[in-house]
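[1] Please work out how this folds:
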Amino acid sequence: MLEIETKYGCFGHFKDLFLFMQEEHLLEIEITELKYCLSEVFGKGVYTLNQIEQIMEV
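    Residues are numbered from 1 along each chain as shown. Modelled structure (predicted):
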């Protein structure tokens, strides 16, 4: 399970975050909390639209 927290709310998938960023014309977003229950963990910080897209492809 994935929980991505931002100042805009929580997202369950990077795809949802990516679509939100596109709809809101955001080029970057700060992830304030990230919980990921699989072996690969991504950290807090500011992510660009391209970085979110690359994470979705993993």
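
[2] Please put the alpha-carbon coordinates of the lowest-mean-pLDDT helix or strand in the chain into PDB.
    Between all helices and strands in the chain, the lowest mean by mean pLDDT, DSSP states H and E belongs to strand 33-36, at a mean of 83. Below are the C-alpha coordinates for strand 33-36, written out as PDB (Å, rounded to 0.1, in the frame of the first residue of the first chain):
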ATOM      1  CA  GLU A  33       5.000  12.100   4.000                       C
ATOM      2  CA  LEU A  34       5.400   8.900   2.100                       C
ATOM      3  CA  LYS A  35       4.600   5.400   3.300                       C
ATOM      4  CA  TYR A  36       5.300   2.500   1.000                       C
END
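
[3] Okay, now the sheet partners of it, with direction.
    When sheet partners are counted by DSSP bridges, strand 33-36 sits next to strand 2-6 (antiparallel).

[4] State the pLDDT value of the residue lying closest to residue 24 once chain neighbours are set aside.
    Spatial nearest neighbour of residue 24, chain neighbours left out: residue 8 (7.7 Å); criterion: Cβ to Cβ, 6 or more residues apart in numbering. Any C-beta I mention is one placed from the backbone N, CA and C, and that applies to glycine too. Looking at residue 8, its pLDDT reads 97.

[5] wait, residue 8 sits on residue 30?
    No. Using Cβ atoms under 8 Å as the test, residue 8 is too far from residue 30 to be in contact (9.6 Å).

[6] Okay, and the beta partners of residue 47?
    Assessed by DSSP bridges, residue 47 has beta-bridge partners residue 29.

[7] All good on my end, thank you.
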